[in-house]
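> Using only what follows, build the 3D model:
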Amino acid sequence: MTPLCKLSVKYGSDKNIVGYTPVYYRLLKDRKVKKVLEIGISGLRALPNNVIGASLWMWHDFFSDAQIYGIDIDPRFMLNTDRIRSFVADQTKRETLLNVVGATGGDFDVIIDDGLHDPFNQIVAANCLLPFLAKDGTYFIEDIYVDPAAVALCTPRGLYRYRAFLHGEEVELDGPERHFGEPPAGQNLLMIENSRSDA
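Modelled structure (predicted):
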C-alpha cells in the first residue's frame, strides 16, 4: 500500500478502493506541486473514516507545500482551512469554472475531475480548464465510462499528451476499442499532460 493509499484510507476517500491512488502515487510522487484543483468535494459517504472533503485532505497531506482548491455544486460541502479553499461551482457551466480560475489565479500543477462522471460534462470542464494548467501540469479525468480516446478527441490533442489507465494499468489510447463499463463505472482514468510551450 502506497503512502497515498494510506492517506486515502485515513480520510475515507474511495480513490484507493477504485485503484486510483497507486496510479497517482506512481505519477506524482516526485513532482513539485504548488497548486491542486479537484472538481467534486463529496459529502459524507458510507466509507470507513469518511470526512467531508476526504480527497482534499488526502492531497493536503501528500503535497505538504501545496495550496489545495476544491469545487462542488453543493454548498454543504465547502471546506476552508490554512491550505484548503473550496468554491461553489457547477462543472456544467463554464462561467462558474472561470470564476474559480479568477479567484485562484489558475496555473494549476494538478487538476482532478472527480465530479459528475458524465463524458459531456467532463469534456466541458477539460476544455475550460486545460488552458489554466501549469507548464508540465497534469489533468486527470476519473471514472470515464466511454473509451478515453473518445474524450481525448474532443479536447485540443495537438497541445497535450494523453495517457489512459484501465483498472490501474496503462492502456494504449489509440488501440482497439475497449468496453469501459456503464455509468457509474470506476477505475477508468484519463491523464492529460501539458506540452504547450506557451504555458
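> which stretches of this structure form strands?
Ranges of strands in the chain, per DSSP state E, are 35-39, 67-72, 84-88, 108-113, 133-142, 160-166, 169-171, 188-194.
> Make JSON lines from those strands and add mean pLDDT, mean neighbour count and distance to residue 101 to it.
Every residue, glycine included, has its C-beta placed from N, CA and C. Formatted as JSON lines, these follow (pLDDT from 0 to 100; neighbours: other Cβ atoms under 10 Å; distance: least, Cβ to Cβ, whole Å):
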{"stretch": "strand 35-39", "mean pLDDT": "98", "mean neighbour count": "25", "distance to residue 101": "9"}
{"stretch": "strand 67-72", "mean pLDDT": "98", "mean neighbour count": "24", "distance to residue 101": "10"}
{"stretch": "strand 84-88", "mean pLDDT": "98", "mean neighbour count": "19", "distance to residue 101": "10"}
{"stretch": "strand 108-113", "mean pLDDT": "98", "mean neighbour count": "24", "distance to residue 101": "9"}
{"stretch": "strand 133-142", "mean pLDDT": "94", "mean neighbour count": "21", "distance to residue 101": "11"}
{"stretch": "strand 160-166", "mean pLDDT": "83", "mean neighbour count": "19", "distance to residue 101": "18"}
{"stretch": "strand 169-171", "mean pLDDT": "80", "mean neighbour count": "14", "distance to residue 101": "30"}
{"stretch": "strand 188-194", "mean pLDDT": "88", "mean neighbour count": "22", "distance to residue 101": "15"}
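> Dump those strands into CSV; add distance to residue 119 as well.
Output for the strands of the chain, formatted as CSV (distance: least, Cβ to Cβ, whole Å):
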stretch, distance to residue 119
strand 35-39, 14
strand 67-72, 19
strand 84-88, 24
strand 108-113, 11
strand 133-142, 9
strand 160-166, 14
strand 169-171, 17
strand 188-194, 10
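> now the one residue sitting closest to the centre of the chain, which residues is it bridged with?
The centre of the chain sits closest to residue 112, judged by Cα atoms, centre = their mean, with a distance of 1.1 Å. Judged by DSSP bridges, the bridge partners of residue 112 are residue 38, residue 140.
> I'd guessed it sits against residue 42; true?
No - with contact defined as Cβ atoms under 8 Å, residue 112 does not reach residue 42; the gap is 11.8 Å.
> list residues touching both of these two?
Contact criterion Cβ atoms under 8 Å, 6 or more residues apart in numbering; residues shared by residue 112 and residue 42: residue 55.
> and the helix or strand of the chain with the lowest mean pLDDT, how far from the chain's centre?
None of the helices or strands of the chain scores lower by mean pLDDT, DSSP states H and E than helix 148-152, at a mean of 75. A distance of 16 Å separates the centroid of the chain from that of helix 148-152, by Cα atoms, centre = their mean, to the nearest Å.
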